[in-house]
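Provided below are the primary sequence and the corresponding predicted coordinates.
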Amino acid sequence: MSVYEAIRTRRDVRAEFTGEPIDDPTLWRILGAAHCAPSVGNSQPWDFVVVRDPATLRTFAAHVAQRRLDFARSLPAERACTFAPIKIEGITESGTGIVVVHDDARGGPQVLGRATVPETGVYSTVLAIQNLWLAATAEQVGVGWVSFYEEPFLAGLIGLPAGVRPIAWLCIGPVTGLQDVPDLERFGWRDRRPLNAAVHQERYTSANRQR
């Protein structure tokens with residue numbers, strides 16, 4: 001699969017996990033691709049916590065379900081109806097979670113290239129997530145990014161030390177297939193912007209701005 005095919009076919013997987021665990025050689029290839037990501041000052045501020053204990057998966061899934069309910073209750077009635085059928089996680093179904101965490105102290109106090117834009121550290125960790133996701137897609141393995149959680153809860157669940165924060169819980173595993181259309185478009189939550197609305201020439205054009 002070319003990188004362009006992987007980009008086009010990548011999906012945020014929720015309901016398509018087969019329940020079979022991802023095998024270790026494939027998992028390590030995917031993690032190896034994530035670890036090849038570029039990083040500011042070559043700081044490599046990421047770590048990957050692989051979670052397979054069923055009790056931990058169930059505990060996190062219950063926490064996420066409560067946060068989903070909280071979000072649903074905050075929505076206007078019309079948006080709540082749109083949101084209701086959207087599945088937001090496949091934590092127990094995938095059987096494997098990868099928690100991508102970020103250590104802002106990695107690389108020491110003077111990280112080359114981060115002096116004026118401190119956020120480039122987190123950006124680097126997010127690039128590792130993108131690498132992981134595209135490699136998984138090329139391997140025909142599904143990935144789902146779970147973001148309905150409270151950071152202190154997840155940090156405590158996997159024993160993160162002070163100064164290390166979770167950036168993403170990624171559900172990962174074999175899938176029955178990938179949807180042709182992303183779930184949030186299929187269910188009517190939000191459509192993809194056309195490319196010409198996102199490209200500006202020379203200066204930012206407010207006429208192109210969409211919310």
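Perfect, thanks for sending it. Not measured: the values here are computed from a predicted model. Residues are numbered from 1 along each chain as shown.

Now Glu5: which helix or strand?
Element membership for Glu5, per DSSP states H and E: helix 3-9.

Identify all contacting residues around that helix.
Met1, Leu134, Ala135, Thr137, Ala138, Leu178 (CB atoms under 8 Å, 6 or more residues apart in numbering). C-beta: built from backbone N, CA, C; applies to glycine.

Please repeat the previous calculation with a cut-off of 6 Å.
By CB atoms under 6 Å, 6 or more residues apart in numbering, the list of residues contacting helix 3-9 from outside reads Leu134, Thr137, Ala138, Leu178.

Go ahead and name everything in contact with the helix or strand bottoming out on mean pLDDT in the chain.
Lowest on mean pLDDT, DSSP states H and E among the helices and strands of the chain sits helix 183-186, with a mean of 85. Helix 183-186 has contacts (CB under 6 Å, 6+ apart) with Arg190, Asp191.

C-terminal to it, what's the next element?
Following helix 183-186 in sequence order, the next helix or strand is helix 195-198 (DSSP H and E).

residues of that following helix that come out buried?
Buried residues in helix 195-198, counting neighbours by 16 or more other CB atoms under 10 Å, are absent.

which residues does the residue most central in space within the chain contact?
The structure's the chain has its C-alpha centroid closest to Trp145; by CA atoms, centre = their mean the separation is 3.4 Å. Residues near Trp145 by CB under 6 Å, 6+ apart: Asp12, Ala168, Leu170.

Just checking: what are the partner strands of the longest strand along the chain?
Assignment by DSSP state E gives strand 164-174 as the longest strand of the chain. Here strand 164-174 is paired, per DSSP bridges, with strand 97-103 (antiparallel), strand 141-146 (antiparallel).

Now render those strands as CSV, adding mean pLDDT and distance to Arg192.
Shown next, in CSV, are the strands paired with strand 164-174 (pLDDT from 0 to 100; distance: least, CB to CB, whole Å):
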stretch, mean pLDDT, distance to Arg192
strand 97-103, 98, 25
strand 141-146, 97, 17
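
Can you say which of those strands is nearest to Ile30?
strand 141-146 (6.8 Å; CB to CB).

List the buried residues of the helix ranked longest in the chain.
Using DSSP state H, we find that the single longest helix of the chain is helix 54-74. Across helix 54-74, burial judged by 16+ other CB under 10 Å covers Leu57, Phe60, Ala61, His63, Val64, Arg67, Arg68.
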